[in-house]
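>>> This is a predicted model, with the sequence first.
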Amino acid sequence: MPYPPPPATTILLAVSDDVEARFRRILRRHRLRSVASTAEALRELEGHCGMVIISVHFDESQMFSLLGDIRAHSAYRKIPVLCVLGSRGWALSDVAVEGLDHAVKAMRANGFLDLQHFDDDEAGNARIARIVDYLLLIDGDLQHIARATGEVVGPIERRRVR
């Protein structure tokens with residue numbers, strides 16, 4: 001059974017120009033706010049954002065800096081963050097991209113997408129939209145999914161592997 005999409009929300013796009021145009025097409029039903037620098041992104045986060053999408057080449061490749069700042073701030077820790085790689089230069093091998101994937105997850109991003117694996121067509125963009133919807137639905141906490149359907153559940157104990 002298909003899930004109902006999450007309500008439209010504000011998504012902060014901290015992405016390079018090549019990625020922004022594509023995400024604007026994919027996420028038309030949401031309110032999108034674009035920023036050009038890490039400092040501007042942090043200022044925009046003070047308003048309500050349901051999600052942040054950061055591209056690898058944002059603000060002279062400051063993706064890791066912005067991701068670290070978001071996760072360091074207690075008010076933003078539960079905001080879903082999706083990191084994306086738009087165009088690949090000749091220097092980015094598959095091993096380097098796999099390293100980026102591991103690094104952003106170690107920094108507690110909710111996901112990493114290499115857009116090379118998603119055709120820029122209806123099917124590929126629908127897959128990306130479903131991933132964004134999923135991240136908005138879980139919102140860092142599975143509790144609200146159960147509450148939204150009227151179920152009563154006990155608290156979920158969170159455990160981290162150390």
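In hand now; what should we look at?
>>> By residue count, what's the longest helix in the chain?
Secondary structure of the chain per DSSP state H: the longest helix is helix 122-138.
>>> Next, the buried residues of that one.
Neighbour-count burial for helix 122-138 flags 125, 128-129, 131-133, 135-138 (criterion: 16 or more other C-beta atoms under 10 Å). Every C-beta, even on glycine, is put in place using the N, C-alpha and C of the backbone.
>>> who does Leu113 bridge with?
Leu113 forms beta bridges with Val84, as assigned by DSSP bridges.
>>> just the CA coordinates of the host helix or strand of Leu67, formatted as PDB?
Secondary-structure assignment from DSSP states H and E places Leu67 in helix 63-72. Provided in PDB are the C-alpha atoms of helix 63-72 (Å, rounded to 0.1, in the frame of the first residue of the first chain):
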ATOM      1  CA  MET A  63      29.200  20.700   2.800                       C
ATOM      2  CA  PHE A  64      31.000  19.100   5.700                       C
ATOM      3  CA  SER A  65      31.300  22.400   7.500                       C
ATOM      4  CA  LEU A  66      27.600  23.200   7.200                       C
ATOM      5  CA  LEU A  67      26.600  19.600   8.200                       C
ATOM      6  CA  GLY A  68      28.900  19.800  11.300                       C
ATOM      7  CA  ASP A  69      27.300  23.100  12.300                       C
ATOM      8  CA  ILE A  70      23.800  21.800  11.900                       C
ATOM      9  CA  ARG A  71      24.500  18.700  13.900                       C
ATOM     10  CA  ALA A  72      26.400  20.600  16.600                       C
END
